[in-house]
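**Student:** sequence-free structure coming up:
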């Protein structure tokens, strides 16, 4: 797990890798060097279009291109995609269920120094609530590559949540052979509790499971690279078999993975849940690692919450 | 405000309200002009019936863009009602999506779906949504209704056409109130940047929006100068004169390397005397009495055309 790569890097590389498909078109809003769509642009300039700093227009233009039978990736930062261009995504793309994939990079506080204005902490909640939308949030480079492939193969809108920060590689090819949109991945089995994680928190979840193992606690680790449709069966099974769940995500505590898990459990198999998430605050400027510490998006925080659940269970 | 009786037959055929800069007004045999005027009148009658049956909807702006739609669908556009998703078809986007009654009526008259279905407009068991929906309605090329987004989608279609080296053309109708949406200008900038001369938009310049005159609410004027500044070729026409509409379309097809905006001087509520020039008819449906009166006026016009045909 020594290698590190940002999911946005893996995204750009995957677009270039799968870009031979003449039906694939990529749009960007003046951020192609940051979103890494420039990797595609260099290889297939005739199918790359810079729409300029006009995200709302980009989403509706993408819809128009997709209506002519093409698969369109539209990229910008998560904050400008999911929040600024939210209504264009809703009305131009999701309502007519057009084949537009939104490559939303720089999600979460790990954006770092740019600060709160550029750190989307609400995007999953917003995107998840739009009918016809699929929401992906891969945890590392190799799974991002497969998320891009799955997005291309899926007919309809996809929101792909990606990060700026280089994150450890978790998966090898063998581990991903069953990668499937809508299915979570069992990374580690366990019987005392489940840690359900997404995005860069998956790596923290694995570390937390190691820390808990040292205390004699057996923690199951699940990677939810698909936040919508969420893997309902995997959540219910975890609740049934481990009795308690800690969710972990780099997103506000409302609307993200924690909410999605709680929604499934409330209707099907209620068990105690604790959410490691941003506590309904905006981010701020700083080094990404320092911010992650400050907002308690760490393995230690997962362990602390796991202990709370285990202690409650002993009452 | 009652105005001149707009349904003297000459009104929709020959009266030029202002000086157009259209290079070649298309001259048609009189019987062909009458055919178009008759079709437009049938569409107007549908608009009245749709909004009356729904007891809601937007008759004013639907009536103002009817002649543009008629010219496009019955004289110009390459479409096949038997194959609505034909890849090589010309595309049309009603960016002012609230004028769905006009689009639906046009599509029904063109044969995309039965005209009887129009009376289901806006009702729960109908596929005719209050605003155009491409998923359910044959012939609708883009779902619209949220202002400003349709013109961007039309830009995307034109880009796809260029990419694929297809010769289809893309048409859009914009409302003049719609110009207050910033996205319109993002789209116009984009179209000029990518030299989309396969794209033509019509501004339905009737001067009125829900809350009153566009110049009182939030003036987008001077629109022609703004379009030119955004890199579009601008043609000024009377949006109720088929010769001018078709002349502008012919001029736009000459492929100048620029997208083309036909600024169409129109009358909101056109064809129904008590609806003309009235902002109040933007989003109000006629009651039974008003509907009957509207039909009587439109029927009288149809009759006049029939007499003219026979004479």
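**Tutor:** Yes, it's here. What you see is a predicted model; the values in this text were computed from it and never measured. Numbers count the residues shown, from 1 in each chain, chains lettered A, B, ... in the order given.
**Student:** tell me the contacts of the residue lying closest to residue A:17 once chain neighbours are set aside?
**Tutor:** Spatial nearest neighbour of residue A:17, excluding adjacent residues (CB to CB, 6 or more residues apart in numbering or on different chains): residue A:145 at 7.3 Å. For glycine as for every other residue, the C-beta is placed from the backbone atoms N, C-alpha and C. When contacts are counted by CB atoms under 8 Å, 6 or more residues apart in numbering or on different chains, residue A:145 touches A:10, A:13-14, A:17.
**Student:** residue of the stretch 51-200 of chain B with the smallest distance to chain A?
**Tutor:** The stretch 51-200 of chain B approaches chain A most closely through residue B:156 (2.3 Å), counting by CB to the nearest CB.
**Student:** how far away is that residue from residue A:66?
**Tutor:** Residue B:156 sits 8 Å away from residue A:66, going by CB to CB, to the nearest Å.
**Student:** which of these two has more neighbours?
**Tutor:** residue B:156 (38 against 27; other CB atoms under 10 Å in any protein chain shown).
**Student:** which element is the more buried one on?
**Tutor:** For residue B:156, the enclosing helix or strand under DSSP states H and E is helix B:149-163.
**Student:** And for residue B:91, the neighbour number?
**Tutor:** 25.
**Student:** which residues pair with it across the strands?
**Tutor:** residue B:170 (DSSP bridges).
**Student:** contacting residues for it?
**Tutor:** A:68, B:141-142, B:154, B:157, B:168-171.
**Student:** what number of residues lie near the residue in the stretch 51-200 of chain A that chain B sits nearest to?
**Tutor:** Closest residue of the stretch 51-200 of chain A to chain B, CB to the nearest CB: residue A:64 (2.3 Å). When neighbours are defined as other CB under 10 Å, residue A:64 has 32 of them.
**Student:** what helix or strand is the residue nearest to residue A:17 on?
**Tutor:** For residue A:145, the element it lies in under DSSP H and E is helix A:141-153.
**Student:** Can you give me the buried ones in that helix?
**Tutor:** Across helix A:141-153, burial judged by 16 or more other CB atoms under 10 Å in any protein chain shown covers A:141-148, A:150-152.
**Student:** just curious, which of those is nearest to residue B:55?
**Tutor:** Within the buried residues of helix A:141-153, the smallest distance to residue B:55 is 43.3 Å, found for residue A:151 (CB to CB).
**Student:** wait, doesn't the closest one sit right on residue A:133?
**Tutor:** No. Look at residue A:151 against residue A:133 with CB atoms under 8 Å: they stay out of range, at 11.8 Å.
**Student:** For residue 68, which residues are in contact?
**Tutor:** This is for chain A. Counted by CB under 8 Å, 6+ apart, residue A:68 has contacts B:87, B:91, B:156-157, B:160-161, B:164.
**Student:** Hmm, no, I was thinking of chain B.
**Tutor:** With CB under 8 Å, 6+ apart, residue B:68 has these contacts: B:173, B:202, B:204, B:239, B:245, B:264, B:266.
**Student:** how many other residues sit next to residue 42?
**Tutor:** In the absence of a named chain, chain A is used. Neighbour tally, residue A:42, other CB under 10 Å: 12.
**Student:** Switch to chain B, please.
**Tutor:** 19.
**Student:** Now the closest residue to it other than its chain neighbours: which helix or strand?
**Tutor:** In space, and not counting its chain neighbours, residue B:42 is closest to residue B:109: 6.0 Å by CB to CB, 6+ apart. For residue B:109, the element it lies in under DSSP H and E is helix B:100-110.
**Student:** again, but for residue B:184
**Tutor:** helix B:182-193.
**Student:** could you check the angle helix B:149-163 makes with that helix?
**Tutor:** With axes from the mean of the first three to the mean of the last three CA atoms, to 10 degrees defining the directions, helix B:182-193 sits at 20 degrees from helix B:149-163.
**Student:** Of the contacts of residue A:145, grab the buried ones for PyMOL.
**Tutor:** A single PyMOL command selects the buried members of these (16+ other CB under 10 Å):
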select buried, chain A and resi 10+13+14
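**Student:** Name the member of the contacts of residue A:145 with the shortest distance to residue A:260.
**Tutor:** residue A:10 (23.6 Å).
**Student:** tell me the contacts of that closest one?
**Tutor:** If you count contacts by CB under 8 Å, 6+ apart, then residue A:10 has A:138, A:140-142, A:144-145, A:148 around it.
**Student:** Max pairwise distance over those: which two?
**Tutor:** A:140 and A:148 (13.0 Å).
**Student:** residue boundaries of the helices in the stretch 151-300 of chain A?
**Tutor:** All helices of the stretch 151-300 of chain A, identified by DSSP state H, counting those that start in this stretch, fall at A:201-214, A:232-242, A:257-268, A:288-294, A:299-314.
**Student:** Buried deepest among the ones you listed, which one?
**Tutor:** helix A:201-214 (a mean of 22; mean count of other CB atoms under 10 Å in any protein chain shown).
**Student:** residues in contact with it?
**Tutor:** With CB under 8 Å, 6+ apart, helix A:201-214 has contacts from A:1, A:139-140, A:167-168, A:170, A:187-188, A:190, A:192, A:195-197, A:218-221, A:223, A:248-250, A:276, A:297-300, A:302-303, A:306.
**Student:** ok, which stretches of the stretch 201-311 of chain B are strands?
**Tutor:** B:208-209, B:212-213, B:233-238, B:260-265 (DSSP state E, counting those that start in this stretch).
**Student:** Work out the sheet partners of the last one and label each with its direction, please.
**Tutor:** The partner list of strand B:260-265 in its sheet, established with DSSP bridges, is strand B:199-205 (parallel), strand B:233-238 (parallel).
**Student:** can I get those in a markdown table with mean pLDDT, mean neighbour count and distance to residue B:31?
**Tutor:** Converted to a markdown table, the strands paired with strand B:260-265 look like this (pLDDT from 0 to 100; neighbours: other CB atoms under 10 Å in any protein chain shown; distance: least, CB to CB, whole Å):
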| stretch | mean pLDDT | mean neighbour count | distance to residue B:31 |
| --- | --- | --- | --- |
| strand B:199-205 | 98 | 28 | 25 |
| strand B:233-238 | 98 | 22 | 21 |
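**Student:** Adding distance to residue A:52, write the ones you listed out as a markdown table.
**Tutor:** Listed next are the strands paired with strand B:260-265 as a markdown table, based on distance: least, CB to CB, whole Å:
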| stretch | distance to residue A:52 |
| --- | --- |
| strand B:199-205 | 17 |
| strand B:233-238 | 21 |
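**Student:** Chain B contacts on chain A?
**Tutor:** A:25, A:46-47, A:49, A:51-52, A:54, A:56-57, A:59-70, A:87-88, A:91-92, A:95-97 (CB under 8 Å from any CB of the partner chain).
**Student:** change it to 7 Å
**Tutor:** A:47, A:49, A:51, A:54, A:56-57, A:60-65, A:67-70, A:87-88, A:91-92, A:95-97 (CB under 7 Å from any CB of the partner chain).
**Student:** Pull out the buried members of those residues.
**Tutor:** In terms of neighbour count (16+ other CB under 10 Å), the buried residues within the residues of chain A next to chain B are A:47, A:49, A:51, A:54, A:56-57, A:60-65, A:67-68, A:70, A:87-88, A:91-92, A:95-97.
**Student:** follow-up on the earlier one: now pLDDT and distance to residue A:181 too, for the contacts of residue A:10, in CSV please.
**Tutor:** Shown next, in CSV, are the contacts of residue A:10 (pLDDT from 0 to 100; distance: CB to CB, whole Å):
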residue, pLDDT, distance to residue A:181
A:138, 98, 11
A:140, 98, 17
A:141, 98, 18
A:142, 98, 15
A:144, 98, 13
A:145, 98, 13
A:148, 98, 11
